[in-house]
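>>> Okay, structure incoming, though there's no sequence with it:
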């Protein structure tokens, strides 16, 4: 089995549908079956290994779901947790207890005063919901990925006078002790599910009518939403990126960025899907001038190499920039620019490229072409210009994006740029 993380594979509709079919063999109750799908998505090494081998054998057949109906899925709840995994869980529980206790001081003042409970971690929640919406109480949960970013979010809330409280899942000390003794995934799932259900009742008791969230990555989210729906509270989730996560959900309303997401996610109850724009509230007001005459093509490569990126991404980025430099670095008709990923603080600009220090310098330029492997900038209205995605190696952008016309292989990209050089009027956004 492949032990490499293939970019976007877990986002494939085929992957989600095959996982759901594979989980049926365990003959669980309906509720436990839904949990098994999501927990297997997160923790099953056997299923991922088998599916990645099928994908490597023939990516296009896999994308089109033209492979045999055989599956390999272990009983993920019997999985033993490593000491490192247990330690991470303990730290998470302690953080939630601290946030929960601090937030409890605000509960009495908040009860009955707000109609909307907005579940937040950092500032990105303000991009997917209206920051100035009336009647909102923001509940900020622990964010383990970047403590400074969360601190900046707290300062932002205070500066703008938004009402907020800290909150966390009320994990049971008894459930935590059981987990420490057994060290298996079933104990972790039990602790998570029970805490999420208890928390749903607590949130409903605040008298809110709606919960807003962007939690499709949270493995316990299904239990929270299923419980709070019974208490007549409306759940609205807005996707925070173009990727896909846990396939089964229980939202009343789901704001998605692509049609792919709409078909990927499977609701256990009725759900209203709405298509929204990425970061629309930050949209640039300038109008693009693409289609006018220009002296040179400005080709901007948007890097996705960062500390968390897979080796496949970094290796293929090297191939793309090397090919582009070989083709266009000496051309008077093309300017090559490189935009490092914001999480890569030690980025080195490739040979033949110049660093892009100011997006405004190229945004809306009539000759600007943005190129990436699968960056969300493709959907971001902050980036104004022609946007193209590159299919290379095992990276298939069509696993998450809808428009096949904007997905090219490396040879196709070279041909396209040369065509634009010869026919400037054909460049479009």
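That came through, no problem. Everything numeric here is computed off the predicted structure, so don't read it as measured data.
>>> Correct me if wrong: residue 252 contacts residue 229.
Yes. With contacts counted by C-beta atoms under 8 Å, residue 252 reaches residue 229, the gap being 7.1 Å. Backbone N, C-alpha and C define where each C-beta goes, glycine included.
>>> Common neighbours of those two, please.
Residues touching both residue 252 and residue 229 (C-beta atoms under 8 Å, 6 or more residues apart in numbering) are 235, 269.
>>> and stretch 45-63, which residues are buried?
For stretch 45-63, the neighbour count (16 or more other C-beta atoms under 10 Å) marks 46-48, 50-52, 54-55, 59, 62-63 as buried.
>>> Same list (those) but as a markdown table, adding distance to residue 377 and pLDDT.
As requested, the buried residues of stretch 45-63 are exported to a markdown table (distance: C-beta to C-beta, whole Å; pLDDT from 0 to 100):
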| residue | distance to residue 377 | pLDDT |
| --- | --- | --- |
| 46 | 35 | 96 |
| 47 | 31 | 97 |
| 48 | 28 | 97 |
| 50 | 33 | 96 |
| 51 | 28 | 97 |
| 52 | 27 | 96 |
| 54 | 30 | 96 |
| 55 | 25 | 96 |
| 59 | 24 | 96 |
| 62 | 26 | 96 |
| 63 | 23 | 95 |
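>>> those strands in the stretch 51-200 of the chain, which residues are they?
Along the stretch 51-200 of the chain, counting by DSSP state E, counting those that start in this stretch, strands occupy 116-120, 136-140, 164-166.
>>> Residue 95 is nearest to which of those?
strand 164-166 (10.2 Å; C-beta to C-beta).
>>> From the chain's centroid, how far away is the closest one?
Centre-to-centre, strand 164-166 and its host chain are 24 Å apart (C-alpha atoms, centre = their mean, to the nearest Å).
>>> and that strand, which strands flank it?
Using DSSP bridges, strand 164-166 pairs in its sheet with strand 136-140 (parallel).
>>> Where do the domain boundaries of this structure fall?
Residue ranges for the domains of the chain, per automatic domain parsing: 9-78, 83-235, 297-426.
>>> any idea of the mean pLDDT for the longest one?
The one in question is domain 83-235. What domain 83-235 shows for mean pLDDT is 94.
>>> The last one too?
Model confidence over domain 297-426, given as mean pLDDT, is 91.
>>> Report the separation between the two terminal residues of that domain.
12 Å (C-alpha to C-alpha, to the nearest Å).
>>> coming back round to it: okay if I get the strands of the stretch 51-200 of the chain as CSV plus distance to residue 198 and mean neighbour count?
Listed next are those as CSV, based on distance: least, C-beta to C-beta, whole Å; neighbours: other C-beta atoms under 10 Å:
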stretch, distance to residue 198, mean neighbour count
strand 116-120, 15, 23
strand 136-140, 15, 22
strand 164-166, 17, 20
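>>> wait, which of these is closest to residue 101?
strand 164-166 (8.7 Å).
>>> for the domains of the chain, which one sits closest to residue 247?
Closest among the domains of the chain, using C-beta to C-beta: domain 9-78, at 4.1 Å.
>>> residues contacting residue 349?
338, 340, 355.
>>> Contacts only, for the second one.
Residues counted as contacts of residue 340 (C-beta under 8 Å, 6+ apart) are 303, 305, 347, 349, 355.
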